[in-house]
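[1] no FASTA, just this:
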């Protein structure tokens, strides 16, 4: 399937992922998401369509393809996209969130720890753009770091952290409903312990 490019994103963050694509791909496979996958896919039709928004090295994309879904892999790092093997049910798009455009409506949107690379001022506009590509009965997963600061980590990557009330307010202001919100502890690529939130959301009817 096709390959498209349209860019505008934090250059330092993209440079990190372009430089470390292979290493990051190997690291990412160490983090199994079995329960998250199960919960998300339970609400999608069999062989439905998924937008992997901020797909990284494609570990989630590959899982969805393996299980029969049609996937559009979106990322601002060309080197990460290159790591993902071509597949008949895969389309790759090199773009940031704010420039993303699609005529498709997806059964599911999967944004696993990707929207947090945006400045807080861009989070709501990006979420609105993605929402416009979600089908009326679709489900949207967001994984994000919990906190309240905007920082660069020790590797130079830009991060925006959110507390529960802040991200809930943004989601609800876009006429989206939080279907579930779970919290967990994890470890970042730079070895730092992090608190994370996992949100499953859908459109209000």
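    Alright, I've got the coordinates. All of these numbers come straight from a predicted model, not from anything done at the bench. Residues are numbered from 1 along each chain as shown.
[2] Is the spatially most central residue of the chain bridged to anything, and to what?
    With distances taken as C-alpha atoms, centre = their mean, residue 111 lies nearest the centre of the chain, 2.0 Å away. Under DSSP bridges, the beta-bridge partners of residue 111 are residue 142.
[3] Quick check: the gap between residue 188 and residue 61.
    21 Å (C-beta to C-beta, to the nearest Å). In this view, the C-beta of every residue, glycine as well, is placed from N, C-alpha and C.
[4] The two: which is more packed in?
    residue 61 (26 against 16; other C-beta atoms under 10 Å).
[5] what residues are up against that one?
    By C-beta atoms under 8 Å, 6 or more residues apart in numbering, residue 61 lies in contact with 52, 55, 71, 73, 84, 90.
[6] Of these, which belong to strands?
    Using DSSP state E, the subset of the contacts of residue 61 located in strands is 52, 71, 73, 90.
[7] so who does residue 200 touch?
    Counted by C-beta under 8 Å, 6+ apart, residue 200 has contacts 39-40, 43, 139-141, 178-181.
[8] Can you say which of these are buried?
    39-40, 43, 139-141 (16 or more other C-beta atoms under 10 Å).
[9] Redo the residues you listed as TSV? Include distance to residue 95 and secondary structure.
    Formatted as TSV, the buried ones among the contacts of residue 200 follow (distance: C-beta to C-beta, whole Å; DSSP: H, G, I helix; E, B strand; the rest coil):
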residue	distance to residue 95	secondary structure
39	27	helix
40	23	helix
43	26	coil
139	22	strand
140	18	strand
141	20	strand
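[10] Between those residues, which sits nearest residue 156?
    residue 141 (26.8 Å; C-beta to C-beta).
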